[in-house]
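Q: 3D model of this:
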Amino acid sequence: MVSLSSRRSLALAAVAACFAVLPSDAASQEVGVKAGINSTSLTPLEDEDPDTSRRIGPIAGLWVRLPTGNPFSFQIEGLYSEKGVKYHVLGIDSEVSLRYIEIPLLARGDYGAAGSPVRGFVVGGAAPAFKVSARAKATFDGQEQARDFDDEVYTFDTGLVVGGGVEFGRALVEARYTHGLLHINTDDNGDEDRVKNRVFSVLFGVRFR
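A: Residues are numbered from 1 along each chain as shown. Coordinates of the predicted model:
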């Protein structure tokens with residue numbers, strides 16, 4: 001069994017490898033950081049109809065963009081992203097917390113007057129993700145219990161990303177939706193029992209150069 005520290009190391013190595021293949025010409029790159037919140041859910045389980053609510057978790061990381069001299073460019077990100085869902089069943093409050101290192105690979109289109117301090121943009125692409133941990137906790141009658149369930153969630157996930165935002169000089173605000181493509185639960189009992197991530201994110205960022 002791969003340890004938690006080994007999974008973290010592999011995920012971080014994947015991020016480093018992706019950034020390492022970018023062109024070394026610093027003048028051709030824009031680099032920044034972004035952080036925000038995820039509002040997340042999971043597709044329902046078979047034969048269950050729990051009272052669910054979205055889970056709020058953090059998302060943060062680095063991004064590098066490769067301008068092409070026209071409105072279109074390529075952007076790669078390395079993000080820490082928390083996902084999951086909340087349940088309320090038979091008086092028991094439960095929460096599923098899934099932590100990932102995510103590497104969105106995005107095409108970006110900018111619109112607005114060239115050189116304007118305020119410009120809009122749209123992004124779209126794929127977001128491979130490597131699980132760091134999977135944890136569940138339940139609260140009943142004031143008592144809380146928690147457990148890890150790493151063996152019940154696949155290590156790798158990927159999703160489709162679509163979003164847009166506005167840049168204000170070096171600052172930006174962005175909203176995006178990530179639609180998980182792979183079922184993440186290892187106990188696969190059919191199409192209706194395949195659990196997938198659904199994530200809506202609001203992000204704020206700043207460009208260093």
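
Q: helices and strands of this protein: which one bottoms out on pLDDT?
A: helix 4-20 (a mean of 58; mean pLDDT, DSSP states H and E).

Q: What's the first helix or strand after that one?
A: strand 30-42 (DSSP states H and E).

Q: Ramachandran coordinates for the closest residue to Glu152 other than its chain neighbours?
A: Using Cβ to Cβ, 6 or more residues apart in numbering and skipping the chain neighbours, the partner closest in space to Glu152 is Thr186 (5.6 Å). (C-beta placed from N, C-alpha, C; glycine too.) Main-chain dihedrals, Thr186, degrees, to the nearest 10: phi -80, psi -20.

Q: Pretty sure Thr186 sits against Thr155.
A: No. Here Thr186 lies out of contact with Thr155, judged by Cβ atoms under 8 Å, at a distance of 10.0 Å.

Q: Between those two, which is the more surrounded one?
A: Thr155 (17 against 11; other Cβ atoms under 10 Å).

Q: Partner strands of the helix or strand Tyr80 falls within, with direction?
A: Per DSSP H and E, Tyr80 falls inside strand 72-89. Partners of strand 72-89 in the sheet, by DSSP bridges, are strand 51-53 (antiparallel), strand 55-67 (antiparallel), strand 92-102 (antiparallel), strand 105-111 (antiparallel).

Q: buried sites along the longest one?
A: Right, strand 55-67. Within strand 55-67, the residues that count as buried by 16 or more other Cβ atoms under 10 Å are Arg55, Gly57, Ile59, Ala60, Gly61, Leu62, Trp63, Val64, Arg65, Pro67.

Q: Next, the angle strand 30-42 makes with that strand.
A: With axes from the mean of the first three to the mean of the last three Cα atoms, to 10 degrees applied, the angle from strand 55-67 to strand 30-42 works out at 150 degrees.

Q: Which strand residues bridge Glu174?
A: So, taking DSSP bridges as the rule, Glu174 has Gly165, Leu203 as bridge partners.

Q: Give the other helices and strands that the longest strand belonging to the chain contacts.
A: Counting by DSSP state E, the longest strand found in the chain is strand 118-140. Judged by 3 or more Cβ pairs under 8 Å, 6 or more residues apart in numbering; DSSP states H and E, the packing partners of strand 118-140 are helix 4-20, strand 72-89, strand 92-102, strand 105-111, strand 143-148, strand 156-168, strand 171-180.
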